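Novice: here is the input, now give the coordinates:
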Amino acid sequence: MIKQFIYLIFLVGYFSFSQTTSVAEYVYVNKIINYKSKGVLKFTSNHSNYTLLKSEALSEEERTLDENGNVQINLPDSDDRPEYYLNRELNIFLNKVYGFRQVYILEEEIPNIDWKIEQEFKNLNTITCQKATGYFRGRTYIVWFANDIPVPYGPWKLQGLPGLIVEATDDEDLILFRLSKYSTQNQGENIQIPVGTKKMSLKEFVTKEKPEKQKEFFAYVSSLNTDRNTTIVSSTYTEPPRLELIYEWEENDLKKE
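Specialist: Got it, this is the predicted structure:
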């Protein structure tokens, strides 16, 4: 398995070196947890890497209070940034996530979103975009994609349309991805493969590993000596909580009941 993974890294590096790389920068807003950041999508015709950058610092006035009126303090963002890597030639999708003292590389199938393309158009940042809607893991997304940039990529795990996704929101207006900058680089710009300390499937992580890591984290937090009026909450340097409300295997289990 290790030899195969090393070979994969070499193979992808070879492909990326010979293709022109484009870069799309996105503003990312998650109203569920008052989180704002930027994401960078690098892609060639065959593969892509989306990396979420560090969040913007909150001023003292912007800090939120919990239901008891206590100040919530967010721990600093980790230097290990969440990444989402897609390779269409090898049919590979990898996620890099942080799980309390461990950096995971998670494997899953390339998300198959059943997009409904509509005959509605608008201009976003001088780019003519077409509307599409699609359901993905518990949320319905309204997206606008650019037919003039004919690549099937977008921010996070949203992809599979005949053009680059320029804007995406969920139907509850809680999630926003919006293109802020687009450029085409010179040949030789590499698409990075996520690197971590432990590799497993997304399902194994969600159902087994993550609950154990959460127990470890809360045990660690409870051992800290903190002010009674201060509540420590986990940093959102990984995939924001509740972005994916339900997974395919959970939906299948519900259908069987």
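
Novice: where do the helices sit along the stretch 151-257 of the chain?
Specialist: With DSSP state H, counting those that start in this stretch as the criterion, the stretch 151-257 of the chain has helices at 202-204, 210-222, 248-256.

Novice: would you turn those helices into CSV with mean neighbour count and mean pLDDT?
Specialist: (C-beta placed from N, C-alpha, C; glycine too.) Supplementary listing: those in CSV, determined by neighbours: other C-beta atoms under 10 Å; pLDDT from 0 to 100:
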stretch, mean neighbour count, mean pLDDT
helix 202-204, 16, 95
helix 210-222, 12, 76
helix 248-256, 10, 87
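
Novice: can you list those helices in CSV and add distance to Ile105?
Specialist: What follows is the helices of the stretch 151-257 of the chain, written out as CSV (distance: least, C-beta to C-beta, whole Å):
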stretch, distance to Ile105
helix 202-204, 10
helix 210-222, 14
helix 248-256, 20
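
Novice: nearest to Gly99, out of those?
Specialist: Of all the helices of the stretch 151-257 of the chain, helix 210-222 sits nearest to Gly99, with 4.4 Å by C-beta to C-beta.

Novice: got the phi/psi numbers for the most centrally placed residue in the chain?
Specialist: Central residue check for the chain by C-alpha atoms, centre = their mean: the C-alpha nearest the mean position is that of Trp156, 3.5 Å away. Phi and psi for Trp156, reported as degrees, to the nearest 10, are phi 60, psi -130.

Novice: also Asn125?
Specialist: phi 50, psi 50.

Novice: skipping its backbone neighbours, what lies nearest it in space?
Specialist: Spatial nearest neighbour of Asn125, excluding adjacent residues (C-beta to C-beta, 6 or more residues apart in numbering): Leu179 at 6.6 Å.

Novice: contacting residues for that neighbour?
Specialist: Ala24, Glu25, Tyr26, Leu124, Asn125, Ile127, Leu164, Ile165, Val166, Glu167 (C-beta atoms under 8 Å, 6 or more residues apart in numbering).

Novice: one more: Ile149?
Specialist: Contacts of Ile149 by C-beta under 8 Å, 6+ apart are Ser22, Ile127, Gly163, Leu164, Tyr182.

Novice: so it lies in a helix, does it not?
Specialist: No - Ile149 is assigned coil when assessed by DSSP: H, G, I helix; E, B strand; the rest coil, not a helix.

Novice: Val40 bridge partners, please.
Specialist: Glu25, Thr51 (DSSP bridges).

Novice: am I right that Gln130 is in contact with Glu120?
Specialist: Yes - using C-beta atoms under 8 Å, Gln130 is in contact with Glu120, at 7.1 Å.

Novice: just want to know which of those two has more residues nearby.
Specialist: Neighbours were counted for Gln130 and for Glu120 using other C-beta atoms under 10 Å; Gln130 has more, 19 against 10.

Novice: could you give the number of residues near the nearest residue to Val103 once chain neighbours are set aside?
Specialist: Closest residue in space to Val103, ignoring its immediate chain neighbours: Gly196 at 3.9 Å, by C-beta to C-beta, 6+ apart. Each residue near Gly196 was counted by other C-beta under 10 Å, and the total is 19.

Novice: go on, Asn46?
Specialist: Asn46 has 16 neighbours, counted by other C-beta under 10 Å.
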